[in-house]
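# got a sequence here, can you build the structure:
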Amino acid sequence: MSLINKMLQDLDARAGKPGAEPLPGDVRPVLPAEGRAPWKQVAVIGGAVAALALAGYAGWLALERRAAPPVVQARAPQPVVTPFVAPAVAAAPVEVAAVAPQPAEPEPAPQPQPEPQPEPPAPPEKVEPVKPPRKEALREERSKPVRKSEPAPKSAQPVKPVAPKAVPGRTETPAQRADNAYKRALNALEDGRVTEAISTLQAGLRANPRHEASRQTLVSLLIEARRPEEAMRQLQAALALDPRQPSMAMLLARLQLERGGPALQTLNRTMPYATGNGEYHAFLAGVLQREGRQHEAAEHYQRALKTAPQNGVWWMGLGISLQGEKRDAEAAEAFQRARASGTLSAELQAFVERRLKQLGR
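Numbers count the residues shown, from 1 in each chain. Predicted coordinates for the structure are as follows:
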């Protein structure tokens, strides 16, 4: 309904109300001339009224826009647990568009036409709006204990690394072969396989003759197995490679003494490398004493006693050599030192007492 029609209806209603002032008698309505229609006047009046109406409406709209506060764009908070939402609804973000007030200068139009309004979209069926989680719900969710992750299936569990196999054609060094043979021999000894351990050590020494641990173990096993000849060959081979082994020389000399071998030569060959070794000098003194070389024996006993002055056996050996040299006073003193040491066995203690009686002490 246009604004002009509304104004006309208001005038008609006002004129038809009871109590309204009647028109004066001399005022009569002017009838239009027959055959002529005042279209030009009506058009001018209608245009003026329409322009005034549009101007008033534009001013009222501007005042409303200035008074209205700006709308702030807001985003719905994302919930912790998102329920299932239909694809059509999930695609539409929840936003509020901000409309900034802009001054609009409406242009006068002869006949304003109302814009067609789009039809509202159909609401989705059974879709509840997502509400932001409360603080209490968030606290409860954080306070819940975290469940341990379930064990991975057998197919996803890591596989233990497999030791790489020996590369075909790769040879070990002599030192590596000797070390491996020594380890295998020790394992055989733990199982009581002595013969296998001996053969394994022999094979390792053929690969590396300077493997001292294998040599010493093999000699001990041969002596326990009552194979002294083989033990002496192993000792001689060791001293031929390195004569600076006093313990090996003493062991070989002991085996040679039992079989009438050249024990003294073995000891003399290694003596330069036994300086300060009391055991070695005392052992050499005993071999010299058996050979009847009392003077040299007494000297080596004295060297040994410098390293261990409380050794009663060595004092007794020195007294025997000195008595053989007819040095009775020195011999008696040596026997007395042996008796006072308190380290002799009962048998040796009785021997020292008899020697002292012979010397009149």
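# for this protein, what helix or strand is lowest in average pLDDT?
Least confident helix or strand of the chain, by mean pLDDT, DSSP states H and E, is helix 87-90 with a mean of 38.
# from Met232, how far out is the nearest residue to Ala225 once chain neighbours are set aside?
For Ala225, ignoring the flanking residues on the chain, the nearest one in space by Cβ to Cβ, 6 or more residues apart in numbering is Val194 at 6.8 Å. (C-beta placed from N, C-alpha, C; glycine too.) As judged by Cβ to Cβ, to the nearest Å, Val194 and Met232 stand 19 Å apart.
# now do Arg177
In terms of Cβ to Cβ, Arg177 sits 25 Å off from Met232.
# out of those two, which sits in the more crowded spot?
Taking other Cβ atoms under 10 Å, Arg177 and Met232 do not tie; Met232 has more neighbours (20 against 17).
# and the more buried one, what element?
Assigned by DSSP states H and E, Met232 falls within helix 228-241.
# can you check Arg226 too?
Taking DSSP H and E as the definition, Arg226 sits outside all helices and strands.
# show me where the stretch 201-350 of the chain has helices.
212-224, 228-241, 246-258, 263-270, 278-290, 294-307, 312-324, 328-341, 346-358 (DSSP state H, counting those that start in this stretch).
# what residues sit buried inside the shortest one?
So that's helix 263-270. Residues 263-264, 266-267, 270 are the ones in helix 263-270 that count as buried (16 or more other Cβ atoms under 10 Å).
# from the residues you listed, pick the one nearest Pro246.
Distances from Pro246 to those, taken as Cβ to Cβ, are shortest for Thr270 (5.7 Å).
# so what's that closest one up against?
Contacts for Thr270 (Cβ atoms under 8 Å, 6 or more residues apart in numbering) come out as 239, 243-246, 249, 280.
# return the members of those residues classed as buried.
With burial judged by 16+ other Cβ under 10 Å, the buried subset of the contacts of Thr270 is 239, 243, 245-246, 249, 280.
# Ala282 contacts Leu318, doesn't it?
No. Contact status for Ala282 versus Leu318: not in contact, 9.7 Å apart, counting by Cβ atoms under 8 Å.
# ok, those two, which is more surrounded?
More crowded of Ala282 and Leu318, by other Cβ under 10 Å: Leu318, with 28 against 22.
# please tell me how far that one sits from Ala249.
The spacing between Leu318 and Ala249, counted by Cβ to Cβ, is 22 Å.
# same question for Asp179.
26 Å.
# for Gly260, same thing?
18 Å.
# what comes up buried for stretch 290-310?
Within stretch 290-310, the residues scored as buried using 16+ other Cβ under 10 Å are 293-294, 297-305.
# hmm, I typed the wrong one, I wanted stretch 178-196.
The neighbour-count check on stretch 178-196 (16+ other Cβ under 10 Å) flags 178-179, 181-182, 184-185, 188-189 as buried.
# same check on stretch 208-220?
Buried positions in stretch 208-220, judged by neighbour count with 16+ other Cβ under 10 Å: 208-209, 211, 214-219.
# closest to Asp328 out of those residues?
Distances from Asp328 to the buried residues of stretch 208-220, taken as Cβ to Cβ, are shortest for Val219 (42.8 Å).
# low-confidence regions, this structure specifically.
By pLDDT under 70, the low-scoring segments of the chain are 1-44, 48-49, 55, 57-170.
# next, count neighbours for Ala350.
Ala350 has 10 neighbours, counted by other Cβ under 10 Å.
# now it: how far from Ile45?
166 Å.
# again, but for Glu330
Remark: distance between Glu330 and Ile45 (Cβ to Cβ) = 167 Å.
# so the two - more neighbours on which side?
Glu330 (16 against 12).
# so the more buried one sits against Ser321, correct?
No. With contacts counted by Cβ under 8 Å, Glu330 stays clear of Ser321, the gap being 9.8 Å.
# Leu218 reaches Arg233, doesn't it?
No. With contact defined as Cβ under 8 Å, Leu218 does not count as touching Arg233 (10.6 Å).
# name the nearest of the buried residues of helix 263-270 relative to Glu325.
For those, the nearest to Glu325 is Leu264 (19.3 Å; Cβ to Cβ).
# how about the contacts made by that closest one?
Going by Cβ under 8 Å, 6+ apart, Leu264 touches 253, 287-288, 291.
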